[in-house]
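A.B. asks: would you be able to build a 3D model of this:
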Amino acid sequence: MKKTFFTLLILFISITTYCQTNEITPKYNFDFEITEKGSPTGWNYFGGSNYKLSLDTTNVKSGKYSASIEYKDGNSDYKAWAFTIPDNYAGKKITLSGYIKTENVTDGYAGLWMRIDPSIAFDNMKKNGVKGTNNWTKYEITLKMNPKKTEQIVIGGLLVGKGRMWLDDLNITIDGKEIKDLKPIERKVFNAEKDKEFDTGSQITSISIDKSQIENLKTLGLIWGFLKYYHPNIAKGEYNWDYELFRILPKVLNSENKINRDEILVKWIDSFGKFAAGKKPKAISQEIKLEPDLDWIKNSSYSDELITILLKVKNAKRSKENYYIGLHPGVGNPDFKNENSYSSMKYPDSGFRLLALYRYWNIIQYYFPYKNLIEEDWKNVLEEFIPKIINANNETEYTLTVLELIGKVHDTHANIWGSNQALNSYLGLNNAPIELTFIENKAVVTSYHDKKLGIETGLEIGDEITSINNRQIEEIIKDRLKYTPASNFTTQLRDIAPNLLRTNDTIINIEFVRNDLKEIRTLKTFSMQEIKILKKYQVSDTCFKYINNNIAYINNGSLKRDYLPQIWKELENTKGLIIDIRNYPSDFPIYDLSRYLMPESKTFVKFTVGQIENPGLFTYTKSLSVGRQNKDYYKGKVVILINEISQSSAEFHAMAYRVNPNTTVIGSTTAGADGNVSQLYLPGDIRTMISGIGVYYPDGKETQRIGIVPDIELKPTIQAIKKGQDELIEKAIQVINGQ
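C.D. replies: Reported below is the predicted structural model:
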């Protein structure tokens, strides 16, 4: 929900946490002079794919090299160099300084950035970033420190938007003293980190499963995850919980019967030591949305001894700190800490595959705010996927099984993100230069990825593709639905469409319909880079224009907060305002724009957040408001445009703008996925996310899966696509004119 860049920066900070190697260069390499294979040693880079990062030997402040970030094409989001400081230090203030040179920086800025994790302090020079063309100039940013809570410090340089920037001669001082002259604070090493026994494999290469073994493995999965989040000693980081699974797993598999299995589990739980009992629970002051799902403890026909010890753990005294889970300050979405991605295991062994299932299933069980909206009993999903994950025979099957599991939670934020090689190869590395969109539930040509190559195919805007390589579109959709995680069917179609013409071949055969006549054609395919597949996401439209003398238009996807004062002088006396949210915001203008739109403050949203002490419990926060007392608020009609592209932050913006007293929402089902995302890794370096907090209207009405419901439902038609018409804009004009 927060502005795009902030969300992405948090994302790549998390990536540095999980992906750094154990061997960190002993030198800081702040001047980029130490290199390996053409890259600066110790440095990582994250952000959009449409930028080039390089070492430059021509434009340098000193020495041989500087680090460069250059925008190429496509979506002008951001790119950043990142360096993780390997130690923690005592002090009150930390200052990052460095030299920046820029060339034609537009639609954003260049700057230094620094973050103290977990979410202690952060600055990215957003308010005073470098724009335009500038010679080498020294800049600095300073953050307040909190050494007791600091887990890592990450620094770097970034380019937001277009242009090019160079970075050189960085330096860090703490309370005025250079970091190289300071002695680090000795970092506590948890016992969980010392356990290396299964670093190269679980030693469980195969698992024979039948009905009784599936029941055993389901029981183990339930109890393993429950202990991970509920047992006080495990919360302290005393045990590598992944590896404890591999120690108990063979014993459970070899158990003679249920009685023997339960005895094994009781002895196992006992081995993790004593803990204090919790006091009688206090009445929860906040309104409860979800209760922990723990009835299975009593309802699973376990032995009395096993039930007793599980209930003892349930009622234990727990701290707000847990080695494996935290909550991001100020927001409350979960931070899945100390979860090894096992990046070297592209096809993990049976034990690690089972670990992937258990890890993901229990994250959803205890920290997914929309668990109540899953269409089936989540415990049955665990049972269903035990044989699937064990029987996955190769990297592709494993990846697709995980993707199918992710799809079960029905969250558009949840998918396999990043450049997953197995998934990309499965979908196809090449694509035809044709952009397809589902219009009237048909796969219709709506644009070209490359105009010249697209026209050469002979396909025209409005043509309907009916089959691909002799497979009907309906059949393809049916096969791909389970591998297309999304909150609703409309968004699944949105995400299936771009992959329909992907292939690993150089050609693809299609059948299409034009003017009620069927034709067959063979299309050449090209690499994603050749046809610049991501170029369509580039925000090129102006954020403000006039539809006519009396109606103004704002593109919320490219609108910047800084533009609003000038824009408002232009439109404040217009008859109507169209706010187009068929996009994703590049900034976070929600509160600024609402101050102009609203005559007074009004609530528009409230959230639910989880807890560390009571895993699985979600309570409501207070409602948030937008607007202020403003007698000069906008008096014209406001029309908001939405569709399936409107997702997350876009939906959040629509909720806020909608409380304007003279607003109409036009369009169709949005993506139905709101709330700050939380990232997690599964074995095999599979990166995924979930919506981390629940988002609701002030009366508690759901937004997840449902999305923003329009006042006037209107979807594009094929005829309008052929004519180049935007029917939603046309309808908005009619509404403003009272027609």
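
A.B. asks: output the below-cut-off pLDDT ranges for the stretch 451-600 of the chain.
C.D. replies: Applying pLDDT under 70 to the stretch 451-600 of the chain picks out residues 534-541.

A.B. asks: once you drop chain neighbours, what's closest to Ile477?
C.D. replies: Using C-beta to C-beta, 6 or more residues apart in numbering and skipping the chain neighbours, the partner closest in space to Ile477 is Ile496 (6.1 Å). (Glycine included, C-beta is placed from N, CA and C.)

A.B. asks: and whichever strand or helix holds the one you found, what's buried?
C.D. replies: Following DSSP states H and E, one finds Ile496 within helix 489-496. Buried residues in helix 489-496, defined by neighbour count with 16 or more other C-beta atoms under 10 Å: Thr490, Thr491, Gln492, Leu493, Arg494, Asp495, Ile496.

A.B. asks: which helices and strands does it pack with?
C.D. replies: Applying 3 or more C-beta pairs under 8 Å, 6 or more residues apart in numbering; DSSP states H and E, we find helix 489-496 packed against strand 434-439, helix 473-480.

A.B. asks: bridge partners for Val444, pull those for me.
C.D. replies: Applying DSSP bridges to Val444 gives these bridge partners: Thr437, Glu464.

A.B. asks: surely it and Gln719 touch.
C.D. replies: No - look at Val444 against Gln719 with C-beta atoms under 8 Å: they stay out of range, at 10.8 Å.

A.B. asks: show me the common contact partners of these two, please.
C.D. replies: Residues within reach of Val444 and of Gln719 at once, by C-beta atoms under 8 Å, 6 or more residues apart in numbering, are Gly462.

A.B. asks: so which of the two has more stuff around it?
C.D. replies: Between Val444 and Gln719, Val444 has the larger neighbour count (other C-beta atoms under 10 Å), namely 24 against 12.

A.B. asks: in contact with the closest residue to Asp87 other than its chain neighbours: list those residues for me.
C.D. replies: Counting by C-beta to C-beta, 6+ apart, Pro184 is the residue found nearest to Asp87 once chain neighbours are left out, at 3.3 Å. Pro184 makes contact with Asp87, Asn88, Tyr89, according to C-beta under 8 Å, 6+ apart.

A.B. asks: the helix holding Ile496 vs strand 434-439, what angle?
C.D. replies: Put simply, helix 489-496 runs at 170 degrees to strand 434-439, going by axes from the mean of the first three to the mean of the last three C-alpha atoms, to 10 degrees.

A.B. asks: export the contacts of Pro184 to a markdown table and append columns for secondary structure.
C.D. replies: Formatted as a markdown table, the contacts of Pro184 follow (DSSP: H, G, I helix; E, B strand; the rest coil):
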| residue | secondary structure |
| --- | --- |
| Asp87 | coil |
| Asn88 | strand |
| Tyr89 | coil |
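
A.B. asks: buried subset of those residues, written for ChimeraX?
C.D. replies: To isolate the buried subset of the contacts of Pro184 in ChimeraX, counting by 16+ other C-beta under 10 Å, use the following:
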select :88,89
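
A.B. asks: Tyr696: which of the contacts of Pro184 is nearest?
C.D. replies: Set against Tyr696, the nearest of the contacts of Pro184 by C-beta to C-beta is Asn88 (38.6 Å).

A.B. asks: could you tell me the model confidence score at that closest one?
C.D. replies: Asn88 carries a pLDDT value of 87.

A.B. asks: kindly report the same for Ser39.
C.D. replies: pLDDT, read off for Ser39, is 87.
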